[in-house]
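Colleague: Next come a sequence and a model predicted from it.
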Amino acid sequence: MSGATDRAVPQPTQISSWQRAEHNAARWMRYWGYADATARPGGPDAGVDVRARGALGQVKYQAAQVGRPELQRFVGARPRGSTAELIFFTGSDYTQSALTYAAEWDIALFRYGLDGAMTPANDIARRVQRRAVAQPAAPAPVARPSVSVRASAPPERPFWQRALRVWFGVTLLLAPLGSLGDEKTYTGPPALDAVKFVGILTGCWLVGGYLLATRKGRRTKRGEAEPSHPPAAPRPSTPSRPSAPSGPPASDDLVAEAARMLSSGRKPHEVDRVLRERGVRFLERGRILNEAKRPTPRT
């Protein structure tokens, strides 16, 4: 395992997208001792979302439980002959078959909350946490100036802006075709008319293509680093454990109501729609459904 560079417990961060979930997993892997852990959302990952010397990470941003097939694909993504430790992250939960398979293949399983806090889901994950706490702090290396660092991910454009850019983009793509019969534009000779058409076509398509490509917001390039955070002040005491998620917990009333609807014969997707209409968020709906499906212990 590489030397740790950031020994302060990662600060809470809102997990609102799969990109933020991957960056959050990379921060925790660096805290656990994998100093070069890096997430590159959007690039080719071949089944691996976070890479480091000595460890590979896979991150799932979904409401459904993680089963054995997902872990099998993760094991298959590890290069042949590699001894890198496998660490799996999810915002929901794991099935019993997934827990059994993880014990057989020595996979650390973690659950992350809406505020980015990590909770171990098996003994292997708890071993990773204990090993990180026991490690002494190491001096941080000098940052490489060639890597550009962003303070935060670019926000997504509002719907009306995206629709407007799509409308203008499509109009510009079709505009050159409408100018073919314009006698005021193409006055001859043919060679000059051809040059005019090529110029109009190139300009309109460049601008229209740019508007369509950037309709959701400015895209992050592969070479850009993930969002960074200012270094935390040194703490004289042992680093504290990750704080509990600050997001709204699954209400007992909602869990009980979801269990009643399931027991009455309603499908899980129908219960999910009811919870969505009540304003329950995506990951929270998955937790409520998972708790509602569990059998009630007899007293």
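Modeller: Right, received. Where do you want to start?

Colleague: worst-scoring helix or strand of the protein, pLDDT-wise?
Modeller: Across the helices and strands of the chain, the lowest-confidence element by mean pLDDT, DSSP states H and E is helix 159-178, at a mean of 79.

Colleague: Show me the contact partners of that one.
Modeller: With contact meaning Cβ atoms under 8 Å, 6 or more residues apart in numbering, helix 159-178 is reached by 157, 197, 200-201, 204-205, 207-212, 214-216. Bear in mind the C-beta positions are built from the backbone N, C-alpha and C, glycine included.

Colleague: where do the helices sit along this structure?
Modeller: Taking DSSP state H as the criterion, the chain carries its helices at 18-31, 68-77, 96-105, 123-134, 159-178, 190-213, 252-263, 268-277, 282-293.

Colleague: circling back: ok, of the contacts of helix 159-178, which come out buried?
Modeller: Among the contacts of helix 159-178, those that count as buried by neighbour count (16 or more other Cβ atoms under 10 Å) are 157, 197, 200, 204, 208, 211-212, 215.

Colleague: now the residues you listed in a markdown table, with pLDDT and distance to residue 286?
Modeller: Below are those laid out as a markdown table (pLDDT from 0 to 100; distance: Cβ to Cβ, whole Å):
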| residue | pLDDT | distance to residue 286 |
| --- | --- | --- |
| 157 | 74 | 28 |
| 197 | 80 | 55 |
| 200 | 83 | 52 |
| 204 | 83 | 46 |
| 208 | 76 | 40 |
| 211 | 78 | 36 |
| 212 | 79 | 33 |
| 215 | 75 | 29 |
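
Colleague: From residue 79, how far out is residue 36?
Modeller: Separation of residue 36 from residue 79 (Cβ to Cβ, to the nearest Å): 17 Å.

Colleague: Looking at these two, which is more packed in?
Modeller: residue 36 (16 against 9; other Cβ atoms under 10 Å).

Colleague: Skip the chain neighbours and tell me the closest residue to that one.
Modeller: Nearest residue to residue 36, sequence neighbours excluded (Cβ to Cβ, 6 or more residues apart in numbering): residue 52, at 5.2 Å.

Colleague: Just give the number of residues close to that neighbour.
Modeller: Neighbours of residue 52 under the rule other Cβ under 10 Å: 22.

Colleague: what does residue 160 give?
Modeller: Residue 160: 8 surrounding residues under other Cβ under 10 Å.

Colleague: and the residue nearest to residue 36, what is it in contact with?
Modeller: Listed by Cβ under 8 Å, 6+ apart, the contact partners of residue 52 are 2, 29-30, 34-38, 84.

Colleague: returning to that earlier point: can you tell me which of the helices of the chain is most buried?
Modeller: Per-stretch averages of neighbours, counted by mean count of other Cβ atoms under 10 Å, single out helix 18-31 among these, with a mean of 23.

Colleague: Which strands and helices lie in contact with that one?
Modeller: strand 38-39, strand 50-52, strand 55-60, strand 85-90, strand 107-112 (3 or more Cβ pairs under 8 Å, 6 or more residues apart in numbering; DSSP states H and E).

Colleague: export the fourth one as CSV, just CAs?
Modeller: Taking Å, rounded to 0.1, in the frame of the first residue of the first chain, the C-alpha atoms of strand 85-90 are listed here in CSV:
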residue,chain,number,x,y,z
GLU,A,85,-6.9,-5.0,-3.5
LEU,A,86,-10.6,-4.8,-4.7
ILE,A,87,-12.8,-2.2,-3.1
PHE,A,88,-16.5,-1.9,-4.1
PHE,A,89,-18.7,1.1,-3.2
THR,A,90,-22.5,1.5,-3.5
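
Colleague: Look at residue 238 and report its pLDDT.
Modeller: pLDDT, residue 238: 48.

Colleague: so residue 55 sits right up against residue 87, yeah?
Modeller: Yes - the criterion here is Cβ atoms under 8 Å, and residue 55 meets it with residue 87 at 5.9 Å.

Colleague: of the two, who's got more company?
Modeller: Each of residue 55 and residue 87 has its neighbours counted (other Cβ under 10 Å); residue 87 has more, 26 against 21.

Colleague: Surely the more buried one touches residue 106?
Modeller: No - here residue 87 does not reach residue 106: they are 10.6 Å apart, not a contact under Cβ under 8 Å.
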